[in-house]
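Colleague: Let me see the structure of the following:
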Amino acid sequence: MLISHPYQFIFIKTVKTAGTSIEGFLEPYCTPPGHVVQHHTPTLISPYGVVARRGIAHNQLDEGYNNHMSATEVQKRCNFFDKYKRLTVVRNPYDKLVSYFHFRAVQTDGRIGLGLSEASALFAAGEEGVLQRLFLSFLQQESLPLEQPRLCLQGKLAVQRWLRFENLLSDLEELVADWQLPLQAATVAEQLPNFKRLRNHENHTPPLDAYLSAAAIELIN
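Modeller: Below is the predicted model of the structure:
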């Protein structure tokens, strides 16, 4: 979660949508000149805005802010909430759940989900059916955290602008132009940090369809 006072916007972070990289991209507009963006950070509060704690445990550096705060939580902390522009990032739900499938494997040391390298090996060996069965089993046990409570206030959307994961660079370029955000690098692509490896940008990884049986599609729908 980010708040920029000079540019009057609030970024509400969703899950498995490159949100951390978006935070890194937008962070210079929420901090004093010369600030260096880091992957992990305590909460930073200044006259320029707020950068919520990211990637570290809750402690005295939290200041009551964390990177996955809901719109309701942010509104309670900010009397200017209704005056500021609010944005988030969305992602194709099928692709998002495949990403979560791999993420949970990292979180649980392989007890839940499947690692990206293992999925790639199955696909390379022609074992697409095995990959689909493993993904279906995962969907039958796990589900993504719901975004509606994060992004809504009393059942109504609390954000007015969406960045699309699948069109991230072009959507960021439009955002920079529309909000007149001065770039800190030569291009949007150079300013966007790649804090986490994205399955879509890796070589030799299974295409989305390799995971999706008819039963999996039905469950995701």
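
Colleague: Tell me the buried residues in stretch 21-38?
Modeller: For stretch 21-38, the neighbour count (16 or more other CB atoms under 10 Å) marks 21-31, 35, 37 as buried. In short, each C-beta sits where N, CA and C put it, glycine included.

Colleague: ok now the lowest-mean-pLDDT helix or strand in the chain, how far from the chain's centre?
Modeller: Here the helix or strand of the chain ranked lowest by mean pLDDT, DSSP states H and E is helix 148-151, holding a mean of 90. Relative to its chain's centre, helix 148-151 lies at 14 Å (CA atoms, centre = their mean, to the nearest Å).

Colleague: who does that helix touch, helix- and strand-wise?
Modeller: helix 71-77 (3 or more CB pairs under 8 Å, 6 or more residues apart in numbering; DSSP states H and E).

Colleague: Give me the next element, helix or strand, following the helix it packs on.
Modeller: As assigned by DSSP states H and E, the chain's next helix or strand after helix 71-77 is strand 85-90.

Colleague: Sheet-wise, list the partners of that next one with their directions.
Modeller: strand 9-11 (parallel), strand 161-164 (parallel) (DSSP bridges).

Colleague: Quick check: next helix or strand after it?
Modeller: Toward the C-terminal end, the helix or strand that comes next after strand 85-90 (DSSP H and E) is helix 93-107.

Colleague: Could you export the helix or strand that that following helix is followed by as PDB, CA atoms only?
Modeller: Next helix or strand after helix 93-107 toward the C-terminus (DSSP H and E): helix 116-124. Provided in PDB are the C-alpha atoms of helix 116-124 (Å, rounded to 0.1, in the frame of the first residue of the first chain):
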ATOM      1  CA  LEU A 116       7.800 -23.900 -11.400                       C
ATOM      2  CA  SER A 117      10.900 -26.000 -12.300                       C
ATOM      3  CA  GLU A 118       9.000 -29.200 -11.500                       C
ATOM      4  CA  ALA A 119       6.000 -28.000 -13.700                       C
ATOM      5  CA  SER A 120       8.400 -27.200 -16.500                       C
ATOM      6  CA  ALA A 121      10.000 -30.600 -16.300                       C
ATOM      7  CA  LEU A 122       6.700 -32.300 -16.500                       C
ATOM      8  CA  PHE A 123       5.700 -30.300 -19.500                       C
ATOM      9  CA  ALA A 124       9.000 -30.900 -21.200                       C
END
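
Colleague: Off-centre distance for helix 116-124?
Modeller: 24 Å.

Colleague: Then stretch 85-98?
Modeller: 7 Å.

Colleague: now stretch 83-101
Modeller: 6 Å.

Colleague: returning to that earlier point: which of the buried residues of stretch 21-38 fall in strands?
Modeller: Among the buried residues of stretch 21-38, no member falls in strands (criterion: DSSP state E).
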